[in-house]
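Participant: model this:
(4 chains)
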Protein chains: 4
Amino acid sequence: MKSYRLVSREAKTEKTLVRVRDAVFGGERVVVIAGPCAVESREQLLAVAVRVCRAGACMLRGGAFKPRSSPYSFQGLGREGLKLLAEASAATGLATVTEVIDEASLELALDYVDMLQIGARNMQNFSLLRAVGRSGKPVLLKRGLSATVEEWLMAAEYIVAEGNGNVVLCERGIRTFERATRNTLDLSAVPLVQELSHLPVIVDPSHATGDRRLVVPMSRAAVAAGADGLILEVHPEPENALCDGVQSLSPDSFDRLMAELQPIAAAVGRVA
Amino acid sequence: MKSYRLVSREAKTEKTLVRVRDAVFGGERVVVIAGPCAVESREQLLAVAVRVCRAGACMLRGGAFKPRSSPYSFQGLGREGLKLLAEASAATGLATVTEVIDEASLELALDYVDMLQIGARNMQNFSLLRAVGRSGKPVLLKRGLSATVEEWLMAAEYIVAEGNGNVVLCERGIRTFERATRNTLDLSAVPLVQELSHLPVIVDPSHATGDRRLVVPMSRAAVAAGADGLILEVHPEPENALCDGVQSLSPDSFDRLMAELQPIAAAVGRVA
Amino acid sequence: MKSYRLVSREAKTEKTLVRVRDAVFGGERVVVIAGPCAVESREQLLAVAVRVCRAGACMLRGGAFKPRSSPYSFQGLGREGLKLLAEASAATGLATVTEVIDEASLELALDYVDMLQIGARNMQNFSLLRAVGRSGKPVLLKRGLSATVEEWLMAAEYIVAEGNGNVVLCERGIRTFERATRNTLDLSAVPLVQELSHLPVIVDPSHATGDRRLVVPMSRAAVAAGADGLILEVHPEPENALCDGVQSLSPDSFDRLMAELQPIAAAVGRVA
Amino acid sequence: MKSYRLVSREAKTEKTLVRVRDAVFGGERVVVIAGPCAVESREQLLAVAVRVCRAGACMLRGGAFKPRSSPYSFQGLGREGLKLLAEASAATGLATVTEVIDEASLELALDYVDMLQIGARNMQNFSLLRAVGRSGKPVLLKRGLSATVEEWLMAAEYIVAEGNGNVVLCERGIRTFERATRNTLDLSAVPLVQELSHLPVIVDPSHATGDRRLVVPMSRAAVAAGADGLILEVHPEPENALCDGVQSLSPDSFDRLMAELQPIAAAVGRVA
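Facilitator: Numbers count the residues shown, from 1 in each chain, chains lettered A, B, ... in the order given. Got it, this is the predicted structure:
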């Protein structure tokens, strides 16, 4: 009765490796993606990029097109943000990922970044899923706020069915009654998805918890649960961030987190 | 701290009337939209259109572009479906509404239908919201599966901020732990939205309950709660429907429902 | 695979009538229970009792043992509250219902009230369910905050299995992600329960919405959905209530509500 | 605006140590409690006790009074089960914990076990909370199925306010829309509770996931998140268990799990 086929373990028993330049999702290394919620300026992005690169991150994240609940919130720098991502990538060697929100932003992003992110709110934007599928670029597919694991895998199926098998899943918290955290991080989804599918799966503790004090322990927990990677918000000055400052780590905190992840990764036979 | 402005009662105290040809949302009449989940064929659509028109429906619904969880499910007839809607409209005089899922389907739909529907899965597809805003056509904005009332109103704000004030909100059930119904119809949202906003709000008991036995009592309840309208799935042969048959009414059941609604509407000072 | 037997429609096709003195749940009349959240004083209770009786309520509610999230909140007057309920009943002729929270309060309540309420937090307190079952008194069984309809019916089964068939179910809202209302009133549960079970089912719009502005429209909606009754919080001075003032109606508002319910009840073949 | 006082970090900054014979919750050691869902027989319980003791568990669990959704399901051996727990404790030296569901079972349990468990369904059974508070015995307080972290801490406050500070909190999954797991394990609650309260907090991955394949990775994750302990279901023959077999580990699997936990615990400065 499963609705997904190509992404299932039945279709392919060995785990899929998704390569984004030097980063390989699904292998021995726990791939850490880090960077600001939104690209705000050249100074901000380069400062973060240099620091997360030095600390051991494999990829740089940064939003250029921000889907915001309110039309009056900061919506991102657009093409300018993409150019800054490309510049930060050239300066550090880090591969980049950014969210695309429609065909126009997808078209632009193809020229500047290495991986396309589909955000939680667009997980069932099937036209966009097909479009990133046709693009052939690696895709980071976030789980929808109230998507079941089955619906999430079916969203991945839309991409893979277009011939693009380079899909990395990302658990980022689901919406529940609990108000003390921004969302409820469903870490059980990590081993569950790994049973059901051959696709790599990573975790976003920043959006899931919305609270930087919880990001460090939940990053450790994600690696212990077997996650293939992490995506983390890091900002040079979290208190001045244009979005999501309260859940962003400072570069110094990120350094400490990376150090703490090593022994956990080793304990589960991985490298962080 | 509210993020919405233009759609709030503070911005405009009198209720907005949204006109779609002869249908007026927000006035004395409870506007009933009826028709099949998906346009399947000329015979099916015309048969339903004639019956729901005769029973007193004000508008015809029918999906031409179906957002489906699985890429392998029936995805709709596309432009052919739109043409059939236009033909059914010409034959009956009913105004029409259909869901648009991206800019391409929006472009097509503009030529054939009277009102554009944004489905639950696209409630925070902000590019699409802006696009239907720019189109100037009346918009039926469904509440997202896990959208708060505030987020729903902010989605409407995206449309109105483009200069298109012709927005009708539609409560269609939210996702909860309860499995005995497809979704949980949040009928309290109707009077709540009417307190907070001047926009009309209607109810979709078909998608909310997923069970035709519950559609009739919940339609009565929606009218008693003060809903400005209903949108209902009616199929000539529910047992053979290509989608959502289990929640579709037969034309005969729809006749009985329309008769049952009259005294309820009268009891709350409305006409059904 | 159903776990309930005695409460199912299969076990008994005709609807159960539960009699509490003059009040009959499950018959033509929509039984309205009204009164304060908590019994606070002789003056308060008698003032409310006289007013709700005059307005047409069939039963008086009032908490003497209050289950409160915090140990430091007002916990009810206990036996003194029960005596006041009995006095108010004698003065007005109204039958009474109060919540019991353990065997001690149950033992006390048996001497003073006509119907025992099991609150949402105790819906799966199986020892207490069995104890009220053995008591033989009519029971008002509220749905748990996160109980499925199936679990709710199984809780009723615990009572009926002790030989006490006088169970009235009460939908009082479920816990969801939505924060604009205290709970989400699941009105679809009313016709659903009536399909599955022969037991009467009533609705508590006060606890469900937590907002007196929503109590009136949701009371109308409950009657239109086919509810066998309502339980409503009424306080002589809502703004000074020791608990739940924000969701309590004033006696004048209750008068108006009762008047508004008549035509809705008539529209569904009932009397309010 | 917090409703809890005694259990808060403001009231007591240093972490509380809860001693149950040799087991100490809140210290360096990650306390592992293991045993069957229900005590079924002398053979079953002793077999499990010997195995989990040998593998390094600190305490033995086993239900004698089972709160079951259906009155027709196995309800536990009662006093006979308690005697078997005491016998298994004598044979292995393991301290024991069992669930109490009312004052009668509490009275009985006091004579036979070392720690009292309050189950999820009774988290807001305030009479029972007060009673275990008065007993002075260590209490394991499970989080309710839909309890917020704040409500959970207030439930603990009820116990501590009776003068019993020996409370250990237990996260066991919350109820959400996701159906692929029995509940959604909210692991973020572990570091969050540790910020807010000085009480130890452990995790129950068996009930949370309902799937033994997920128990191992989620146990690792819980330790990495900083949990002060684990409670795990182990059955000599999971496929023949009278309850919850699908989520029970075999003794051999438990051996492997204990071995896997060591390096994770070491990585976070703990001992497993």
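
Participant: where along chain A do the strands fall?
Facilitator: A:18-20, A:23-25, A:31-35, A:59-61, A:95-99, A:115-118, A:139-142, A:167-171, A:201-203, A:229-233 (DSSP state E).

Participant: my read is that A:Val149 contacts A:Glu195, right?
Facilitator: No. Judged on C-beta atoms under 8 Å, A:Val149 makes no contact with A:Glu195 at a distance of 10.1 Å. In short, each C-beta sits where N, CA and C put it, glycine included.

Participant: so these two - more neighbours on which side?
Facilitator: A:Val149 (22 against 11; other C-beta atoms under 10 Å in any protein chain shown).

Participant: show me what contacts that one?
Facilitator: The contact partners of A:Val149, by C-beta atoms under 8 Å, 6 or more residues apart in numbering or on different chains, come to A:Arg143, A:Ala189, A:Leu192, A:Val193, A:Leu196, D:Glu178, D:Ala180.

Participant: let me know the pLDDT of it.
Facilitator: Confidence at A:Val149, expressed as pLDDT, is 98.

Participant: and the gap between it and A:Ala267?
Facilitator: 26 Å (C-beta to C-beta, to the nearest Å).

Participant: related to what we said a few turns ago, minimum distance to chain D: which of the strands of chain A has it?
Facilitator: For the strands of chain A, the distance to chain D is smallest for strand A:201-203, at 10.2 Å, taking C-beta to the nearest C-beta.

Participant: and which of the contacts of A:Val149 is nearest chain B?
Facilitator: Closest to chain B, out of all of the contacts of A:Val149 and judged by C-beta to the nearest C-beta, is D:Glu178, at 9.0 Å.

Participant: look at the closest residue to A:Leu169 other than its chain neighbours and say how many residues are nearby.
Facilitator: Leaving aside its chain neighbours, A:Leu169 sits nearest to A:Val201 (4.3 Å; criterion: C-beta to C-beta, 6 or more residues apart in numbering or on different chains). A count of neighbours around A:Val201, defined by other C-beta under 10 Å, yields 26.

Participant: show me the contacts for A:Val201.
Facilitator: Residues A:Val168, A:Leu169, A:Cys170, A:Glu171, A:Ala189, A:Val190, A:Val193, A:Gln194, A:Ala227, A:Asp228 are the ones in contact with A:Val201 under the rule C-beta under 8 Å, 6+ apart.

Participant: what's the closest of the contacts of A:Val149 to chain C?
Facilitator: Here the nearest of the contacts of A:Val149 to chain C, counting by C-beta to the nearest C-beta, is D:Glu178; it sits at 13.0 Å.

Participant: tell me the backbone dihedrals of that closest one, please.
Facilitator: phi -70, psi 130 (degrees, to the nearest 10).

Participant: distance of the closest residue to A:Val24 other than its chain neighbours from chain C?
Facilitator: Nearest residue to A:Val24, sequence neighbours excluded (C-beta to C-beta, 6+ apart): A:Leu17, at 5.5 Å. Distance, A:Leu17 to chain C, by C-beta to the nearest C-beta, to the nearest Å: 36 Å.

Participant: just put the strands of chain A in TSV and tack on mean pLDDT and distance to B:Ser248.
Facilitator: Output for the strands of chain A, formatted as TSV (pLDDT from 0 to 100; distance: least, C-beta to C-beta, whole Å):
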stretch	mean pLDDT	distance to B:Ser248
strand A:18-20	98	42
strand A:23-25	98	43
strand A:31-35	98	45
strand A:59-61	98	44
strand A:95-99	98	37
strand A:115-118	98	32
strand A:139-142	98	32
strand A:167-171	98	34
strand A:201-203	98	37
strand A:229-233	98	42
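
Participant: do you know which of the ones you listed lies nearest B:Asn125?
Facilitator: strand A:115-118 (11.5 Å; C-beta to C-beta).

Participant: in its sheet, what does that closest one sit against?
Facilitator: strand A:95-99 (parallel), strand A:139-142 (parallel) (DSSP bridges).

Participant: let me have those in a markdown table, adding mean neighbour count and distance to B:Pro217 as columns.
Facilitator: Formatted as a markdown table, the strands paired with strand A:115-118 follow (neighbours: other C-beta atoms under 10 Å in any protein chain shown; distance: least, C-beta to C-beta, whole Å):
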| stretch | mean neighbour count | distance to B:Pro217 |
| --- | --- | --- |
| strand A:95-99 | 24 | 43 |
| strand A:139-142 | 26 | 38 |
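
Participant: so the lengthiest helix in chain A versus strand A:229-233, what angle?
Facilitator: Ordering each helix of chain A by length in residues (DSSP state H) puts helix A:251-267 first. Computed with axes from the mean of the first three to the mean of the last three C-alpha atoms, to 10 degrees, the direction of helix A:251-267 lies at 170 degrees from that of strand A:229-233.

Participant: who in chain A is up against chain B?
Facilitator: Proximity of chain A to chain B, by C-beta under 8 Å from any C-beta of the partner chain, involves residues A:3-5, A:67-73, A:101-105, A:121-122, A:124-128, A:145-146, A:151, A:154, A:157-158, A:161, A:175.

Participant: can you select the buried ones from the residues you listed in PyMOL?
Facilitator: Of the residues of chain A next to chain B, the buried ones go into a single PyMOL selection, burial set by 16 or more other C-beta atoms under 10 Å in any protein chain shown:
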select buried, chain A and resi 3+4+67+68+69+70+71+101+102+103+105+121+122+124+125+126+127+128+145+146+151+154+157+158+161+175
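
Participant: what about the residues of chain A next to chain B, which are in helices?
Facilitator: Reading helices off the residues of chain A next to chain B with DSSP H, I get A:Glu103, A:Ala104, A:Ser105, A:Phe126, A:Ser127, A:Leu128, A:Glu151, A:Met154, A:Glu157, A:Tyr158.

Participant: want to throw those residues into TSV with distance to D:Ala23?
Facilitator: Formatted as TSV, those follow (distance: C-beta to C-beta, whole Å):
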residue	distance to D:Ala23
A:Glu103	59
A:Ala104	60
A:Ser105	56
A:Phe126	53
A:Ser127	57
A:Leu128	53
A:Glu151	42
A:Met154	45
A:Glu157	48
A:Tyr158	50
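
Participant: quick one: low-confidence parts of the stretch 1-150 of chain A?
Facilitator: Scanning the stretch 1-150 of chain A with the threshold set as pLDDT under 70 gives A:1-2.
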